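Enquirer: sequence and predicted structure, then a few things I'm wondering about:
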Amino acid sequence: MIKLSTLVVAVSLALTSQAQAEQTITASEKAIKLAKDTILIDTHIDVPYRIHESWVDVTKATNDGDFDYPRAVKGGLNAPFMSIYIPAHLEFEGKGKSYQLANQLIDSMEAIVQRAPDKFAIASSTKDIKEQFKQGKLSIAMGMENGSPIEGDMKNLQHFYDRGIRYITLAHSQSNHISDSSYDIRRKWKGLSPFGKKLVTEMNNVGMLIDVSHISDDAFYQVMELSKTPVIASHSSLRKYTPGFERNMNDDMLLALKENGGVIQINFGSSFVTAKAGSWGKQLKSKKETVKKEGTKLAKDFDAAYRAKNPYPFASLEQVLDHIDHVVELIGIDYVGIGSDYDGVGDSLPIGLKDVSSYPNLVQGLMDRGYSDKDIKKILSGNTLRVWKQAEEYAKKH
């Protein structure tokens, strides 16, 4: 039997903890100005697939999603990498569907620029980013999430480079013809495929950044051995705070990343930031499987009903900052950036970082933790621009 006094204390502590988690950092005028006066690169925003599934005009204010032009301006976001995301379905692999979808998604980004050339411009180089920033335009850079559209043909690598793709996430949630995935228990290649190893070299040669987010640990270390240029982890966080979650990076991988000269861009999704959120997701999945085994048809609003009874444990902005702190403490200020995964992680974004208008809150948090303006600028774009520039310079010589 629990004593009443013990129960009161427990409830009080729980409420205090909840209140602390719900506290938000409010950006000062200085933080807002710093965000807006600096090139701000977010290496992973899933607008292309979002508007492919349900079209909206993001050159204007939208009622849903995490990105639109007015909110980007408010948050100081001026150089997002739009994710050309290809689902990891087997029917896509090697059958022309990946290639087709990738081109369609690139078309949709070009269409945004055509609709609002006063607001947007495609960015294919670090020079474009800097010049368009001076012009007050929002640069649309592009990265491909899942190398499936390469379809085993090096000509396709050049094709997508020519279309503006500047990084490729080698795999997604299933192993493909290039690499094993961190999510896929079938380790088909024990890292990279023979084609994948050749692709890494060719990506170096054309100036395409290699993105190690999503790939297995073995594949990661093989990329480290093969790549002649720094790599990125475009939207990954740290396994230190999410034990057992291979999608994130551990300390040994961070040390290898430093040796390579690369950058990890921190993912904002709560399941990437806290173990609690990851456990919540596993419990939801387990509950669904139990219902199916019992022969009961899943209700259309099953997830919403489950969420109402079991509130989702959103991460806090402070916890996102903890990830940045750990990278800086372990390997230094030159190896960390931002890869929010806005429009890609659904309703799982941290308190205080709910959409692209929120970057000044992150800047304020960094200021509160003693980061200098110079260091904050490195996190916002300097580090990512460095690795991109190095990829460009290497390609000029090969």
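Expert: Done, it's in.

Enquirer: neighbours of the residue lying closest to Ser237 once chain neighbours are set aside, just the number please.
Expert: Once flanking residues are discounted, Ser237 sits nearest to Phe272: 4.1 Å by CB to CB, 6 or more residues apart in numbering. No exception for glycine: its C-beta is placed from N, CA and C like everyone else's. As a burial measure, Phe272 scores 28 neighbours (other CB atoms under 10 Å).

Enquirer: pull the number of nearby residues for Thr59.
Expert: Thr59, neighbours per other CB under 10 Å, totals 18.

Enquirer: Lys119 is in contact with that one, correct?
Expert: Yes: with contacts counted by CB atoms under 8 Å, Thr59 reaches Lys119, the gap being 6.0 Å.

Enquirer: name the residues contacting each of those two.
Expert: Tyr69 (CB atoms under 8 Å, 6 or more residues apart in numbering).

Enquirer: secondary structure class of the residue nearest to Ser237, three-state.
Expert: What DSSP: H, G, I helix; E, B strand; the rest coil gives for Phe272 is helix.

Enquirer: how near is it to His323?
Expert: Going from Phe272 to His323 by CB to CB, to the nearest Å gives 8 Å.

Enquirer: need the overlap of contacts for those two.
Expert: Ser237.

Enquirer: ok, His52 - contacts?
Expert: Taking CB under 8 Å, 6+ apart as the criterion, His52 is in contact with 101, 104-105, 108.

Enquirer: in the residues you listed, which residue is surrounded by the most others?
Expert: Leu105 (23 neighbours).

Enquirer: contacts made by whichever strand or helix holds that residue with the rest, please.
Expert: Here Leu105, judged by DSSP states H and E, is contained in helix 97-115. With contacts defined as CB under 8 Å, 6+ apart, helix 97-115 is touched by 47-49, 51-52, 57-59, 82, 84-86, 91-92, 120-122, 140, 142, 144, 146, 148-149, 151, 156, 160, 163-165.

Enquirer: rerun at 7 Å
Expert: Applying CB atoms under 7 Å, 6 or more residues apart in numbering, the external contacts of helix 97-115 come out as 48-49, 51-52, 58-59, 82, 84, 86, 91-92, 120-122, 140, 142, 144, 148-149, 151, 156, 160, 163-164.

Enquirer: chain center to that helix: distance?
Expert: Chain-centre distance of helix 97-115: 20 Å, with CA atoms, centre = their mean, to the nearest Å.

Enquirer: quick one: buried residues of it?
Expert: Buried residues in helix 97-115, defined by neighbour count with 16 or more other CB atoms under 10 Å: 97-99, 101-102, 105-106, 108-109, 112-113.

Enquirer: which intervals of the stretch 151-300 of the chain have sub-threshold pLDDT?
Expert: Along the stretch 151-300 of the chain, segments meeting pLDDT under 70 are nowhere present.

Enquirer: strands of that one, start to end?
Expert: Counting by DSSP state E, counting those that start in this stretch, residue ranges of the strands within the stretch 151-300 of the chain are 165-169, 209-211, 232-233, 263-266.

Enquirer: mind listing the strands the last one pairs with, and their directions?
Expert: Strand 263-266 has its sheet partners listed here by DSSP bridges as strand 232-233 (parallel), strand 336-338 (parallel).

Enquirer: including distance to Leu284 and mean neighbour count, could those strands go into TSV?
Expert: Converted to TSV, the strands paired with strand 263-266 look like this (distance: least, CB to CB, whole Å; neighbours: other CB atoms under 10 Å):
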stretch	distance to Leu284	mean neighbour count
strand 232-233	26	30
strand 336-338	28	26
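
Enquirer: among those strands, single out whichever gets nearest to Gly75.
Expert: Among the strands paired with strand 263-266, strand 336-338 comes nearest to Gly75, with 11.2 Å by CB to CB.

Enquirer: after that closest one comes which helix or strand?
Expert: Downstream of strand 336-338 (by DSSP H and E), the next one is helix 359-368.

Enquirer: show me what that following helix is packed up against.
Expert: Judged by 3 or more CB pairs under 7 Å, 6 or more residues apart in numbering; DSSP states H and E, the packing partners of helix 359-368 are helix 29-37, helix 317-331.

Enquirer: single out the most deeply packed of those.
Expert: The highest mean neighbour count among those, using mean count of other CB atoms under 10 Å, belongs to helix 317-331: a mean of 20.

Enquirer: ok so, going back, out of the strands paired with strand 263-266, which is closest to Thr201?
Expert: strand 232-233 (17.3 Å).

Enquirer: so what touches the closest one?
Expert: Here strand 232-233 makes contact (CB under 7 Å, 6+ apart) with 43, 167, 209, 211-213, 249, 262-265, 387.

Enquirer: repeat for stretch 386-398
Expert: Applying CB under 7 Å, 6+ apart, the contact partners of stretch 386-398 are 125-126, 166, 204-207, 209, 228-230, 232, 261-263.

Enquirer: from those residues, list the buried ones, please.
Expert: 126, 166, 204-207, 209, 229-230, 232, 261-263.

Enquirer: for those, which one is nearest Ser372?
Expert: Nearest to Ser372, judged by CB to CB, of those is Val263 at 18.5 Å.

Enquirer: which strand residues bridge the closest one?
Expert: Per DSSP bridges, the residues bridged to Val263 are Ile232.

Enquirer: so it sits right up against Gly337, yeah?
Expert: Yes: here Val263 reaches Gly337: they are 5.1 Å apart, a contact under CB atoms under 7 Å.

Enquirer: center of this protein - which residue?
Expert: In the chain, the centroid-proximal residue (CA atoms, centre = their mean) is His235; its distance is 2.8 Å.

Enquirer: many thanks, I have nothing further to ask.
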